[in-house]
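K.L.:
here are the coordinates; sequence isn't available:
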């Protein structure tokens, strides 16, 4: 059961059909934030449940008030083997601006990009369909060779990760007994670089808010009213401009409560990775760190909290010019959290700050878009060590333990609701353009990702 | 020829057909800022030329690189009578947000709003189709009764007033000899209130700019890059927030050069009009003047310069939430000018200010959307006095001389290019919702507007 060589060979032999399977899933437009794609989300869930059955799982689609979950079970070949819960999400981000895509986001392709490197193109290749399929295909190869799996596996795929996971907590609560395992495996993270696998030990949390500032009861002509009537875009700009001080720190009252300085030895290990502002930001055409002064880009993105406006709109935004003073102005604003920052406290502090900026004859509405605390995993658990060694066997360079700037709220939910730690292993790269046009996944990430999970499953059983 | 009574009676008798004529024009969707309506703009010009011919004018549609002009001529019945140029515009503002309209903007109607008051509904009723037709219908009544007009009249209707009039100056230049008159009559302004006609003696100028701030070369995931990568929405917010100081003054260097304090006696006459912040702003649901502290709302909107953001957009603005750091952020910003402010200098000062706010690894593009200086007419010209008396004869209350907050660049062009002063008489009201959903024009404005022009034409000939 722990004889790896034939399983790895089978995964290599399966690769063409493993790609076909992934592409079938990628063609389904499972955009969870847009209700026009509700049926596509269900279709993706149904496709996954059907496919998991062919791989030997007892799989089912489970309805929720939103998009459905997929739950699947597979016993271990040996009694007493560990029980792991594997988590992924089948929903994807919207694709706008569609005109910036070089290929149809929902017509995946394999693209040769030179130097023997190939990529898989399309929405969801990296976030998260490609990643979750590495695990499913690992299970398939294992089952085909050994007629069983080395650990007991429960799979949970959700369809609302990109839209705040409104159904997840109730679902975990209602199905806690079924879903509880010894620990969770979560595949929604990146490698350090194309040769170096990584396990994430910290994850930033998030608070997301939408605000709508209202001034006059209609759009006004700026000739008649300009200079006298409040302009909600100006008020919104003041709100945004006041979120940071001149050193890049967030100004909200109590914002840094629960934020701890990263230990010096961890910071030193990050400094040794050789990631400078020039190479980290140079990849996206920038060069100057914009956040808190005097901190490295890795510390800024892995271990420091942020406030970012993710969208802003108000007034006339079409072609030409319209001399209007808008009635309303809106923004979507998110905060990345670290350490023990309390999402509810950050949300309340933000709302109090915004209210303090609103003139007496104007008003503001708030719409919460989800929140989750940060996660800090133990650096020395045996599970982490086993996975680190298994990954190091597969890839050219040894695996490293890193922080992650993004939020994976499920990890906090597993911790709080099911009492489970999570092992965060993923094969994405920083330049995968997830959430942007031209998302891709390395062909190599898919192939060696499958092989990595085979190794990890064997290691976890040992 | 100056016997008014039968002409006024004829205008009254004509009113139903005058309304039919206006409604035909209003049904044409002549939105000049949107190229999808190019054919509609031409149709409006052709309709006007055809109608002016039936009223006795020698009228033609004149091509320009943009939307066409309408030019029409009519000799005076008496040699040596003054020659006036009447100006109006047949193009209208876009209608978005269309869902806020209670009636189809291009299906005009007469609506009884109670207390014997009726309004004409639809885009362009007040700005400017309804206004320009008051003059045409006055000419028609005159011609029907007297078989001639008391003054020599040239008419110029343009179709690009709402989109910065790009063809106007070249057209004035190329046709200066044909268009030059003793003075111009411009009908694109408002009354003081529904009973009190007004003649505008000052008009604010305008500079309009669109800016596009670029940071990263693609949209970024705020998890990976948040805290390290520049966010162009933050930069834009800083630009906007820094445009005004805490007293409401515009901060641009040299902005107030050429701005003179309004003479005390003029300010006093405005104060006597009884327009308070509460009633001026109360009409649109506001109560607190937002501009420079310590000035009345009339002074703020008639005699002080402003900076206003008319539109802002960047990042994800659709349903749900997307944790993106945008690659670009944009705004449309306009400045209202007074006195002798130089539009070119204001534009350059603004651009220098914006550039000073852009980090070294980001960039900004500027797109000019037209500019014109402010206008200040003489308070004591004979023409103004004649018109004031004629208006006072028609309406329940005597006419007053006011300032106007909006820009009418044509007035400056007439002054500079044709050496003509303009007489600004209009019958709009402040609550006509021009540039907004549910634009309307008072039925009474249309009826008494026609009668007013009959009286003014007679007065100017005297």
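P.N.:
Alright, I've got the coordinates. Note that this is a predicted model, so its numbers are computed, not measured.

K.L.:
so residue A:8 touches residue A:451, yeah?
P.N.:
Yes. Shown here, residue A:8 and residue A:451 form a contact pair, counting by CB atoms under 8 Å, at 5.4 Å. For glycine as for every other residue, the C-beta is placed from the backbone atoms N, C-alpha and C.

K.L.:
Show the pLDDT at residue A:273.
P.N.:
Each residue has a pLDDT score; the one for residue A:273 is 86.

K.L.:
Low-confidence regions, chain A specifically.
P.N.:
Scanning chain A for pLDDT under 70 picks out A:1-2, A:379.

K.L.:
can you list the domain ranges for it.
P.N.:
As given by automatic domain parsing, the domain ranges for chain A are A:4-203+A:375-461, A:205-259+A:305-372.

K.L.:
if I look at whichever residue of the stretch 51-200 of chain A sits closest to chain B, how far off is residue A:93?
P.N.:
Relative to chain B, the nearest point of the stretch 51-200 of chain A is residue A:163 (5.1 Å; CB to the nearest CB). Separation of residue A:163 from residue A:93 (CB to CB, to the nearest Å): 9 Å.

K.L.:
and if you look at residue A:142?
P.N.:
Distance of residue A:142 to residue A:93, computed by CB to CB: 31 Å.

K.L.:
between residue A:8 and residue A:451, which one's more packed in?
P.N.:
Taking other CB atoms under 10 Å in any protein chain shown, residue A:8 and residue A:451 do not tie; residue A:451 has more neighbours (24 against 19).

K.L.:
Would you agree that one falls within a helix?
P.N.:
Yes. Membership of residue A:451 in a helix is supported by DSSP: H, G, I helix; E, B strand; the rest coil.

K.L.:
list the contacts for it?
P.N.:
Going by CB atoms under 8 Å, 6 or more residues apart in numbering or on different chains, residue A:451 touches A:8, A:11-12, A:138, A:394.

K.L.:
Can you tell me which of these is nearest chain B?
P.N.:
Using CB to the nearest CB, these come closest to chain B at residue A:394, 23.7 Å.

K.L.:
ok, now which ones touch the closest one?
P.N.:
Going by CB under 8 Å, 6+ apart, residue A:394 touches A:197, A:448, A:451-452, A:455.

K.L.:
Ok, residue A:136 next?
P.N.:
Residue A:136 sits in contact with A:51-52, A:55, A:155, where contact means CB under 8 Å, 6+ apart.

K.L.:
rewinding a little: between residue A:142 and residue A:93, which has more neighbouring residues?
P.N.:
More crowded of residue A:142 and residue A:93, by other CB under 10 Å: residue A:142, with 29 against 25.

K.L.:
Quick check: residue A:374 touching residue A:341?
P.N.:
Yes. Contact status for residue A:374 versus residue A:341: in contact at 6.4 Å, counting by CB under 8 Å.

K.L.:
ok so, going back, so for residue B:125, which of the domains of chain A sits nearest?
P.N.:
domain A:205-259+A:305-372 (14.4 Å; CB to CB).

K.L.:
and the end-to-end length of that closest one?
P.N.:
End-to-end distance for domain A:205-259+A:305-372, by CA to CA, to the nearest Å: 5 Å.

K.L.:
Please apply the same query to stretch A:393-402.
P.N.:
End-to-end distance of stretch A:393-402 (CA to CA): 18 Å.

K.L.:
May I see the buried residues of it?
P.N.:
Using 16 or more other CB atoms under 10 Å in any protein chain shown as the burial criterion, the residues of stretch A:393-402 that qualify are A:394-395, A:399-402.

K.L.:
between the residues you listed, which is nearest chain B?
P.N.:
Among these, residue A:402 lies closest to chain B (CB to the nearest CB), at 12.0 Å.

K.L.:
Who are the contact partners of the closest one?
P.N.:
Contacts for residue A:402 (CB under 8 Å, 6+ apart) come out as A:192, A:198-201, A:270, A:302.

K.L.:
Inside helices: which ones of those?
P.N.:
Among the contacts of residue A:402, the ones falling in helices (DSSP state H) are A:270, A:302.

K.L.:
Greatest separation within the contacts of residue A:402: which pair is it?
P.N.:
Pairwise over the contacts of residue A:402, using CB to CB, the maximum falls at A:199 and A:270, 14.3 Å.

K.L.:
who has more neighbours, the two?
P.N.:
Legend: neighbour count by other CB under 10 Å for residue A:199 and residue A:270, higher for residue A:199 (24 against 20).

K.L.:
can the contacts of residue A:402 go into JSON lines with extra columns for distance to residue B:180?
P.N.:
Listed next are those as JSON lines, based on distance: CB to CB, whole Å:
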{"residue": "A:192", "distance to residue B:180": "75"}
{"residue": "A:198", "distance to residue B:180": "77"}
{"residue": "A:199", "distance to residue B:180": "81"}
{"residue": "A:200", "distance to residue B:180": "76"}
{"residue": "A:201", "distance to residue B:180": "80"}
{"residue": "A:270", "distance to residue B:180": "75"}
{"residue": "A:302", "distance to residue B:180": "72"}
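
K.L.:
Could you save the contacts of residue A:402 as TSV and add columns showing distance to chain B?
P.N.:
Putting the contacts of residue A:402 into TSV (distance: CB to the nearest CB, whole Å) gives the following:
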residue	distance to chain B
A:192	13
A:198	13
A:199	17
A:200	11
A:201	16
A:270	13
A:302	9
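
K.L.:
Show only the entries of the contacts of residue A:402 found in strands.
P.N.:
Using DSSP state E, the subset of those located in strands is A:198-201.

K.L.:
Next up, the contacts around the residue in the stretch 351-462 of chain A positioned nearest to chain B.
P.N.:
Closest contact between the stretch 351-462 of chain A and chain B, by CB to the nearest CB, is at residue A:406 (2.5 Å). Residues near residue A:406 by CB under 8 Å, 6+ apart: A:189, A:203-204, B:221, B:223-224, B:323.

K.L.:
Which of those fall in strands?
P.N.:
Using DSSP E, those in strands are A:203, B:221.

K.L.:
Which single one of the contacts of residue A:406 is nearest to residue B:247?
P.N.:
Among the contacts of residue A:406, residue B:323 lies closest to residue B:247 (CB to CB), at 37.7 Å.

K.L.:
which SSE is the nearest residue to residue A:329 once chain neighbours are set aside in?
P.N.:
Spatial nearest neighbour of residue A:329, excluding adjacent residues (CB to CB, 6 or more residues apart in numbering or on different chains): residue A:314 at 3.1 Å. Assigned by DSSP states H and E, residue A:314 belongs to strand A:306-315.

K.L.:
looking just at contacts, which helices and strands does the helix or strand that that strand is followed by meet?
P.N.:
From strand A:306-315 onward toward the C-terminus, using DSSP H and E, the following helix or strand is strand A:324-325. On a contact count with 3 or more CB pairs under 8 Å, 6 or more residues apart in numbering or on different chains; DSSP states H and E, strand A:324-325 meets strand A:220-221, helix A:222-225, strand B:306-315.

K.L.:
Could you give me the buried positions within stretch A:224-236?
P.N.:
Buried residues in stretch A:224-236, counted by 16+ other CB under 10 Å: A:224-236.

K.L.:
cool, and stretch A:200-216?
P.N.:
For stretch A:200-216, by 16+ other CB under 10 Å, it's A:200-216.

K.L.:
now it, how far from the centre of its chain.
P.N.:
Offset of stretch A:200-216 from its chain centre (CA atoms, centre = their mean, to the nearest Å): 15 Å.

K.L.:
ok now the strand holding residue A:314, how far from the chain's centre?
P.N.:
Chain-centre distance of strand A:306-315: 20 Å, with CA atoms, centre = their mean.
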